[in-house]
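K.L.:
Here is a sequence with its predicted model. Questions after.
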Amino acid sequence: AQRAVFTVEQAKQERQQKIVLAEGDAESAKLIGKSLSQNPGYLKLRKIRAAQNIAKTLSLSSNRAFLDSEALMINIADSKYDDATAEFTRKGKK
């Protein structure tokens, strides 16, 4: 009987944990969307971090890979990047 009570309590706690995590993810998504619409610099930062992760993964691999700056997403100084960022910002303000 005590084991059943323990199992039920554990299930309740796991359910509550999932709810809290989902609420946190939803709030995070709202805040990221809001910050992107106000300042596209956050998007640049995310792209730089993604490029760092890609470069780190490739450097640890024994295989050779040749990629251009577009594939690594490090072309943030390119006008195409600024155009894409501006378009994204416009869509966010609608």
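P.N.:
Structure's in. What do you need? Numbers count the residues shown, from 1 in each chain.

K.L.:
how far away is Asn38 from Val8?
P.N.:
One correction, residue 38 is Gln, not Asn. As judged by Cβ to Cβ, to the nearest Å, Gln38 and Val8 stand 46 Å apart. For glycine as for every other residue, the C-beta is placed from the backbone atoms N, C-alpha and C.

K.L.:
same check, this time on Lys44
P.N.:
For Lys44 relative to Val8 (Cβ to Cβ), the value is 49 Å.

K.L.:
which of the two has more neighbours?
P.N.:
Lys44 (15 against 10; other Cβ atoms under 10 Å).

K.L.:
so the more buried one is in which element?
P.N.:
Following DSSP states H and E, one finds Lys44 within helix 41-60.

K.L.:
So which residues of the chain form strands?
P.N.:
In the chain, no strands are defined using DSSP state E.

K.L.:
Show me the domain layout of it.
P.N.:
Annotated domains of the chain cover 1-38, 40-94 [automatic domain parsing].

K.L.:
Tabulate those domains in TSV, adding columns for mean pLDDT.
P.N.:
Output for those, formatted as TSV (pLDDT from 0 to 100):
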stretch	mean pLDDT
domain 1-38	92
domain 40-94	72
